[in-house]
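> Sequence below, structure please.
(one chain, ligands or ions: 1)
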Amino acid sequence: MDASKLFSKSRIVPVVVIEDAAIAVDLAKTLRDAGAASIEVTLRTACALEAIELIAQQVPDLLVGAGSVRRPEQIAQIAARGASFAVSPGATELLIDAAISQQMPLVPGAATASEMIRLSERGYQLQKFFPAEMLGGVPMLKALSGPLPELKFFPTGGINAALAKDYLGLACVSCIGGSWFVPAAMLRDRDFAGIRKLTVEAMGIGAA
Ligand code: 3PG
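Numbering: from 1, shown residues only. Presented below is the predicted three-dimensional model:
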């Protein structure tokens, strides 16, 4: 299940690490009110699945998905909690088989031309380019997309406000993901006003 159509409403996807499920709903509402249309909750913390469920139930107008998906069984787990999409840093045949059989839209990660072609063979035209900045950023993505004109990318990893516009300016980039407008320190301090301000600025880059 290719996820190409999911991110057309807003081209910047917040990638969040939630350490305490109690903040999930307030964070989701803050992002939604600041203009985000989706949220990627990374499966890196003990409460991530609970956070996904709370957001799916209580903030239904924000599309919630799971990030850092890396094991096939996680597909059923996130589906049970109401996730609408999955994002993975890389992909294996087992992970892809699970996503396809359970009809979970997936943005699989790729870093090389061979990985990209393999994912394309499995039907994935939208792929996560990860970790984008460390792989060479905009020039690298431009070079890779030349011989792969049918592919679209969702770069994440090291993107910030200064770099976002350049990524979004590439024809091969559908959307970008990042955590720069949801800093860990602000989340820890429950600084939702601060997160809102940074998110409004970020969404402005996406809309420009
Ligand atoms: C991720 O970790 O999946 C994303 O790449 C987020 O990267 P960032 O925290 O560097 O924005």
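> And the contacts of stretch 88-97?
Under the contact criterion C-beta atoms under 8 Å, 6 or more residues apart in numbering, stretch 88-97 has outside partners 68-72, 75, 106-111, 115, 119, 122, 124, 128, 130. Every C-beta, even on glycine, is put in place using the N, C-alpha and C of the backbone.
> again but with stretch 99-119, I slipped
Contacts for stretch 99-119 (C-beta under 8 Å, 6+ apart): 1-3, 6, 69, 75-76, 78-79, 83-91, 95-96, 98, 122-124, 126-131, 135, 144, 147-148, 151, 154.
> got the residues of this protein near the ligand?
Within reach of the ligand by C-beta under 6 Å from any ligand atom, the chain has these residues: 15, 42, 67-68, 130-131, 156-159, 177-180.
> Let's see which of those end up in strands.
Counting by DSSP state E, the part of the residues of the chain next to the ligand found in strands is Val15, Thr42, Gly67, Gly177, Gly178.
> and the residues you listed as CSV, adding neighbour count and pLDDT?
Output for these, formatted as CSV (neighbours: other C-beta atoms under 10 Å; pLDDT from 0 to 100):
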residue, neighbour count, pLDDT
Val15, 23, 98
Thr42, 18, 98
Gly67, 28, 98
Gly177, 22, 97
Gly178, 23, 97
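> any idea how far the closest residue to Leu144 other than its chain neighbours is from Leu119?
Leaving aside its sequence neighbours, Leu144 sits nearest to Ala113 (C-beta to C-beta, 6 or more residues apart in numbering; 6.0 Å). To Leu119, Ala113 is 11 Å away according to C-beta to C-beta, to the nearest Å.
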